[in-house]
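1. Quick one, fold the following:
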Amino acid sequence: MEENKFTVTVCAILVIVAVAVSVNRTLARIHAQRYGEGHAIGYTRIELAQVGGAIDFLTEIEHIDLAAESKNGVVIMSGSELYRALERSTEAFAMMRPESQWVRFKSIRDRWGNEIHAEFVRKGDTETVRLWSDGLNQKNEEGAGDDIVHKFTVKTQKQPREAATAK
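-> Take a look at the predicted model:
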């Protein structure tokens with residue numbers, strides 16, 4: 001009888017240890033996954049802001065209007081279309097600090113490898129630019145849901161570069 005109690009006690013302790021180890025491993029995996037997700041989200045935000053700076057430079061300094069061809073004042077671009085547009089200006093392209101995967105695929109992509117999206121909405125001489133990544137769930141929710149969004153405005157009609165530098 002005493003041996004059975006001892007055996008049951010040892011088995012119970014082994015089960016408790018096994019469960020504790022399993023829980024610890026699971027928590028470590030969750031922590032690593034969340035850290036990795038947070039890292040990817042943070043870097044995607046930074047990269048969208050860099051692309052935004054390049055668009056701002058292209059529009060305000062180079063006077064290249066990415067929404068010029070729109071009939072209704074709205075232009076939607078994929079990451080590859082935006083890449084080709086920004087590639088026109090060496091300075092804007094350098095400001096963007098393109099990732100190696102962007103250069104390889106000739107497309108601006110998020111940390112999950114999906115193309116970003118860009119929307120240009122013109123009202124008068126102002127253009128609202130919205131850049132977004134599909135986010136963690138990797139589904140394009142048009143800038144909603146968990147999509148990572150960077151939104152800003154630029155003036156599309158500036159005085160010529162020579163006049164601006166002469167002041």
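
2. At the geometric centre of the protein, which residue do we find?
-> Among the residues of the chain, Thr44 comes closest to the average C-alpha position under Cα atoms, centre = their mean, at 3.1 Å.

3. Next up, the contacts around it.
-> 110-111, 133, 135, 148 (Cβ atoms under 8 Å, 6 or more residues apart in numbering). C-beta: built from backbone N, CA, C; applies to glycine.

4. If we use 6 Å, what do you get?
-> When contacts are counted by Cβ atoms under 6 Å, 6 or more residues apart in numbering, Thr44 is found next to 110-111, 133, 148.

5. Gly38 versus that one, what's the distance?
-> Counting by Cβ to Cβ, to the nearest Å, the gap between Thr44 and Gly38 amounts to 11 Å.

6. got it, and Asn4?
-> In this structure, Asn4 lies at 51 Å from Gly38, with Cβ to Cβ as the measure.

7. Next SSE downstream of the top helix by length along the chain?
-> Counting residues, the longest helix found in the chain (DSSP state H) is helix 2-60. Tracing the chain C-terminally past helix 2-60 and defining elements by DSSP states H and E, one meets strand 74-78 next.

8. in that next one, what counts as buried?
-> Within strand 74-78, the residues that qualify as buried are 75, 77, counting by 16 or more other Cβ atoms under 10 Å.

9. That strand packs against which elements?
-> Other elements packing on strand 74-78 under the criterion 3 or more Cβ pairs under 6 Å, 6 or more residues apart in numbering; DSSP states H and E are strand 117-123.

10. which strands and helices sit next to the strand it packs on?
-> Taking 3+ Cβ pairs under 6 Å, 6+ apart as the contact definition, the neighbouring helices and strands of strand 117-123 are strand 74-78, strand 126-133.

11. Buried residues in the longest one, which are they?
-> So the one you mean is strand 126-133. For strand 126-133, burial by neighbour count (16+ other Cβ under 10 Å) applies to 127, 129-133.

12. again, but for stretch 57-76
-> Applying a neighbour-count criterion of 16+ other Cβ under 10 Å, one finds 57-60, 64-67, 75 buried in stretch 57-76.
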